[in-house]
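Enquirer: whatever this is, show me its structure:
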Amino acid sequence: MRKHTHWLCAAFILAVAVSATAQEYTSRMAVLQNEELWPDFIVQGEYLAKFDGYDVGLHIIADGGGNFRVVGYPGGLPGAGWDTAEPRILGTAQFVVGEGITFTAAAGSEQYIGTGELKGNLIGPEQGGRVTIEIPSMDIVFEKQNRQSPTLGGEPPAGAVVIFDGTNLNKFQEGARMNQPRRGGNTLWAEAATTAFEKKPYKMHLEFMLSYMPQARGQARSNSGVYIDERYELQVLDSFGLEGKDDECGGFYQLASPSVNMCFPPLTWQTYEIDFTPARWDGGRKIANARVSVKHNGVLIQDDLELPHHTPGRRNEAPEPLGVYFQGHGNQVQYRNIWVQYRDWPAVPPPAVGEIGEMREPMAEESAPPRRRPMRQQSQPIFPRLRALLP
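Expert: Below you'll find the model as predicted:
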C-alpha cells in the first residue's frame, strides 16, 4: 500500500449528523481499498501520551465524512491505567486535509481542559500513527496503540466442547450461516442459535468482530448480542469511546452496566470470557437466580452478577437448559473460536431467592434498575500545568 502523509485540520464541534442509511463494512480490506473511507479509518483508534508524569489515553472515533468524536482518559486507556474517578475529556473534531488543527474540548459535566492545536501524521494503518497536540512551549505526542485481547486465539482446554471452529455448523440450529472462505478461517454470522447445552455451570470463550459503520449512531452501530442460555443478553455493540451503559457493549440490559467500557475499535477481534451458573429450580419454582461473571478483552467487567430475571428479546426463564443465541439485529457482526468448558455445580448452593412462584414475565416495576458505577466525585484538574498553558 502507498504511504500517505497528511496534515489534518479539525475543530471540535458539539453536533453530529445521523445517517438513516448507514453502510456496513465487515472487513478491513474493503475499507482500506475505499478512497473515501480509509483516511478516517486509520485515524480512528486508541492513543497514549505522557504529560508531566501522567499517562493520558485518547480515543478518536470516526463518525464519517472526516468527522470524529474524541475522548481523553486521565491516567491511561480504559482497563490500562485510566483512573475512573477522573472525568473523561470530551470533544468532537472535523479533519480537513491541508491545514493545521485546532480544537476545543466540550465543556459540561465532564472535565474541560481548554483549547490548543492538533496535528496528525498518517503513515499507514500497519505502521502506527501519531497525533501531536501543540501548545505554547511544548508538544504532547499521542502514539497510536493497537491493543489485542490477551485471550485472543485461546484454545479449548482438555474436555472442553467446541461450539464453532470455522469448519462446520454441527452445534447450531437450522438457519446459522458461515461467511465465505477467507484467510484465517470462516466466521459465524449473527444471527445463529446453538443447540442446547448441558444443565451445568460453564465457562464460555468467544471472539467477535464489530462492523465498521461510521455513519451510524447508537443502537444502529453494529448491534448484536449474546443471549446466554437464550435468556440473558450480554450486549454486543460498537461502543468504542462511549460511557459504558447497560445497553452498550459488556452490559446486561436493565440489569447492569460494565464496570469499564473495554470495547476496542470496530474491525478488531475482541473476546468475551463468560462464567455462567444457571438458575436453580425446584419443579416450576425458581429457588436461586442465575449468576455470571464476564471478562471483555481480558478485563473483568461483570463480577458475579446476579440475574434476577431474563432480559427482553428472546426466551423467558424456565427450568430446561438452552444454548446461546447470537442476535442479528440487522447487522453483520461476526463470531469465531467459540468453546464451552463445563464445571460442577458449587458445593454450597447460591443464596435462595425465596418463593418466586410460577414462571412469568417480570413486571416493569419489579425489574431491578441498572447497576451503575458510583457517582464520580468532583476533583481538581489532573493537568493543572496544561490548563495554565492553554489559551
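
Enquirer: the protein: helices as residue ranges?
Expert: Assigned by DSSP state H, the chain shows helices spanning 28-32, 38-43, 384-389.

Enquirer: how many residues are close by F172?
Expert: The number of residues packed near F172 is 21, by other Cβ atoms under 10 Å. Where you see a C-beta, it was placed from the backbone N, CA and C, and this is true even at glycine.

Enquirer: quick one, what contacts it?
Expert: Counting by Cβ atoms under 8 Å, 6 or more residues apart in numbering, F172 touches F164, L188, A192, A193, T194, T195.

Enquirer: what's the distance between the last one and L234?
Expert: Think T195. 19 Å (Cβ to Cβ, to the nearest Å).

Enquirer: now the second one
Expert: When Cβ to Cβ is applied, the distance between L188 and L234 equals 16 Å.

Enquirer: over to the third one?
Expert: Using Cβ to Cβ, one gets 15 Å for the distance from A192 to L234.

Enquirer: show residues contacting stretch 246-260.
Expert: 78-79, 82, 84, 219, 232-239, 242, 244-245, 261-263, 292, 294, 296, 299-303, 305, 307-308, 311-312, 367-373.

Enquirer: give me the buried subset of these.
Expert: Among the contacts of stretch 246-260, the ones that count as buried by 16 or more other Cβ atoms under 10 Å are 78-79, 82, 84, 232-239, 242, 244-245, 261-263, 292, 294, 296, 299-302, 305, 307-308, 311, 371.

Enquirer: please name the bridge partners of V56.
Expert: Under DSSP bridges, the beta-bridge partners of V56 are A49, P74.

Enquirer: surely it is in contact with L77?
Expert: No. Under the criterion of Cβ atoms under 8 Å, V56 is not in contact with L77, lying 9.3 Å apart.

Enquirer: before we move on, the earlier item: mean pLDDT lowest where, among the helices of the chain?
Expert: For the helices of the chain, mean pLDDT drops lowest on helix 384-389, to a mean of 43.

Enquirer: is the nearest residue to A176 once chain neighbours are set aside bridged to anything, and to what?
Expert: In space, and not counting its chain neighbours, A176 is closest to A192: 3.7 Å by Cβ to Cβ, 6 or more residues apart in numbering. Per DSSP bridges, the residues bridged to A192 are F326.

Enquirer: cool, and A62?
Expert: Counting by DSSP bridges, the residues bridging with A62 are F68.

Enquirer: let me see the contact set for it.
Expert: D40, F41, V43, Q44, F68, Y212, P214.

Enquirer: I figured the third one was touching R130, is that so?
Expert: What it means is V43. No. Look at V43 against R130 with Cβ under 8 Å: they stay out of range, at 10.8 Å.
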